[in-house]
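[1] I would like to see how this sequence folds:
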Amino acid sequence: MADNRLKEEREKRGWSQEKLSEAADVPLSSLQKIERRAFSPNVDYALGLAGALGLPVERIFSRTRSRMRLRKAEEPAA
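    Residues are numbered from 1 along each chain as shown. Down below sits the predicted model:
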């Protein structure tokens, strides 16, 4: 699951969820799930949200450390 700063960035601008949803062309229900971290956005949604906020995607979304540790543990030893 991706971690995100979406709600914080939206609130900094004083935007409602509805305004961001419309500006990013992302369904409101999906935006709400992304903000609750119940849903990881696909690339199209992530790019749309970042573009609407005028930020690079990596400023809003990042991988969680637990997922990265899991991947490293799965890699074969060199």
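
[2] show me where the chain dips below the pLDDT cut-off.
    Where the chain drops to pLDDT under 70, the residues are 1-2, 64-78.

[3] hmm, 80 instead?
    Residues of the chain meeting the criterion pLDDT under 80: 1-2, 63-78.

[4] now the helices for this protein?
    Along the chain, counting by DSSP state H, helices occupy 6-12, 17-24, 28-35, 43-53, 57-60, 65-74.

[5] so which elements touch the longest one?
    With contacts defined as 3 or more Cβ pairs under 8 Å, 6 or more residues apart in numbering; DSSP states H and E, the secondary structure elements packing on helix 43-53 are helix 6-12, helix 17-24, helix 28-35, helix 57-60. C-beta: built from backbone N, CA, C; applies to glycine.

[6] ok, the second one next?
    For helix 17-24, the packing partners by 3+ Cβ pairs under 8 Å, 6+ apart come out as helix 28-35, helix 43-53.

[7] dump those helices into TSV; add distance to K7 as well.
    Shown next, in TSV, are these (distance: least, Cβ to Cβ, whole Å):
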stretch	distance to K7
helix 28-35	4
helix 43-53	11
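
[8] those helices: which one's closest to S16?
    Closest of these to S16 is helix 28-35, at 9.8 Å (criterion: Cβ to Cβ).

[9] quick one: distance of that closest one to the chain centre.
    10 Å (Cα atoms, centre = their mean, to the nearest Å).

[10] could you pull out the buried residues of it?
    Burial within helix 28-35, assessed by neighbour count using 16 or more other Cβ atoms under 10 Å, is assigned to 30-31, 34-35.

[11] okay, the residues you listed in a markdown table with distance to Q17 next?
    As requested, the buried residues of helix 28-35 are exported to a markdown table (distance: Cβ to Cβ, whole Å):
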| residue | distance to Q17 |
| --- | --- |
| S30 | 11 |
| L31 | 6 |
| I34 | 10 |
| E35 | 7 |
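
[12] do I have it right that P41 meets P27?
    No: contact between P41 and P27 fails when scored by Cβ atoms under 8 Å: they sit 11.0 Å apart.
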